[in-house]
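In: what's the 3D shape of this:
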Amino acid sequence: MGLFKDAPPTAHPEFTNLRFMAAGTPSWWKRNRHKVVGIVGLLIGFWLAGHHDTAAPATPAAPAAPTAPAGSCTPTGH
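Out: The predicted structure follows:
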């Protein structure tokens, strides 16, 4: 009746083999990279937390120079 058969399309066997078998199994890095990146992130986080100073020094800084008496207007007091 026509040039084409009324049959559903099928996948080409070379393409199915290429997609599933020819690519092979994933490498170690592709299988475990999420674990490696997570562990490295935790180590960096712990390192940064260990180097964060939370306690401020309790001793106040000493004044640099003595202050003049309250009634004087000049540095010599005259």
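In: Now do the same for residue 34: its pLDDT.
Out: Residue 34 carries a pLDDT score of 96 in this model.
In: Tell me, how many residues neighbour it?
Out: Residue 34 has 9 neighbouring residues, counting by other Cβ atoms under 10 Å. (Glycine included, C-beta is placed from N, CA and C.)
In: quick one, phi/psi of it?
Out: Backbone torsions of residue 34, given as degrees, to the nearest 10, read phi -70, psi -30.
In: Pull up the gap between it and residue 10, please.
Out: Residue 34 sits 36 Å away from residue 10, going by Cβ to Cβ, to the nearest Å.
In: same check, this time on residue 47
Out: Taken as Cβ to Cβ, the span from residue 47 to residue 10 is 56 Å.
In: Those two: who's more crowded?
Out: residue 47 (10 against 7).
In: so where's the protein uncertain?
Out: 1-5, 11-23, 54-58, 60-78 (pLDDT under 70).
In: residues near residue 31, how many?
Out: Neighbours around residue 31, by other Cβ under 10 Å: 10.
In: can you tell me which helix or strand it belongs to?
Out: helix 28-50 (DSSP states H and E).
In: Would you mind writing the CA trace of that helix as PDB?
Out: Provided in PDB are the C-alpha atoms of helix 28-50 (Å, rounded to 0.1, in the frame of the first residue of the first chain):
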ATOM      1  CA  TRP A  28      36.500   6.600  41.300                       C
ATOM      2  CA  TRP A  29      36.300  10.400  41.300                       C
ATOM      3  CA  LYS A  30      32.900  10.400  39.700                       C
ATOM      4  CA  ARG A  31      31.500   7.900  42.200                       C
ATOM      5  CA  ASN A  32      33.000   9.600  45.300                       C
ATOM      6  CA  ARG A  33      33.500  13.300  44.500                       C
ATOM      7  CA  HIS A  34      30.500  14.300  46.600                       C
ATOM      8  CA  LYS A  35      32.100  12.600  49.600                       C
ATOM      9  CA  VAL A  36      35.500  14.200  49.000                       C
ATOM     10  CA  VAL A  37      34.000  17.700  48.600                       C
ATOM     11  CA  GLY A  38      31.900  17.200  51.800                       C
ATOM     12  CA  ILE A  39      34.900  16.100  53.800                       C
ATOM     13  CA  VAL A  40      37.100  18.900  52.500                       C
ATOM     14  CA  GLY A  41      34.300  21.400  53.400                       C
ATOM     15  CA  LEU A  42      34.100  20.100  56.900                       C
ATOM     16  CA  LEU A  43      37.800  20.300  57.400                       C
ATOM     17  CA  ILE A  44      37.900  23.900  56.100                       C
ATOM     18  CA  GLY A  45      35.000  24.700  58.400                       C
ATOM     19  CA  PHE A  46      36.700  23.200  61.500                       C
ATOM     20  CA  TRP A  47      39.900  25.000  60.600                       C
ATOM     21  CA  LEU A  48      38.200  28.400  60.300                       C
ATOM     22  CA  ALA A  49      36.300  27.800  63.500                       C
ATOM     23  CA  GLY A  50      39.500  26.900  65.400                       C
END
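In: Cool, thanks, signing off.
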